[in-house]
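# For reference, the sequence and a predicted model appear below.
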Amino acid sequence: MSTKRKAVALISGGLDSMLAVRMVQEQGVEVEGINFFTGFCVEGHTHAIRNQDKNKKKRNNALWVAEQLGIKLHIIDVIE
């Protein structure tokens, strides 16, 4: 009896975590992602987005990465 291998990956929303997950998926491993919401860098990131496109909505990059990879993402709020 063969069981599907599973893994958990930390998803920052950047290229490194995206590439790491893709490589693991290519080995037949089912991956779920975790992203820790800390509240740090939110204002600076939001400011940079608004300067590029005033109509662009705020978006968590980790959500976009998870969508592209087809994985479930767990966002854990560690502010409190």
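Structure received. Numbers count the residues shown, from 1 in each chain.
# Return the alpha-carbon coordinates of the helix or strand hosting Ala9 using PDB.
Element membership for Ala9 (DSSP states H and E) is strand 6-10. Output of strand 6-10 as PDB, limited to C-alpha atoms (Å, rounded to 0.1, in the frame of the first residue of the first chain):
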ATOM      1  CA  LYS A   6       2.800  15.300   2.000                       C
ATOM      2  CA  ALA A   7       4.700  18.400   3.000                       C
ATOM      3  CA  VAL A   8       4.200  21.900   4.500                       C
ATOM      4  CA  ALA A   9       6.000  24.900   3.000                       C
ATOM      5  CA  LEU A  10       6.500  28.400   4.400                       C
END
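# List the buried residues of it.
Going by neighbour count (16 or more other C-beta atoms under 10 Å), the buried part of strand 6-10 is Ala9. Every residue, glycine included, has its C-beta placed from N, CA and C.
# outside of that strand, which residues touch it?
Applying C-beta atoms under 8 Å, 6 or more residues apart in numbering, the external contacts of strand 6-10 come out as 17, 20-21, 24, 29-36, 71.
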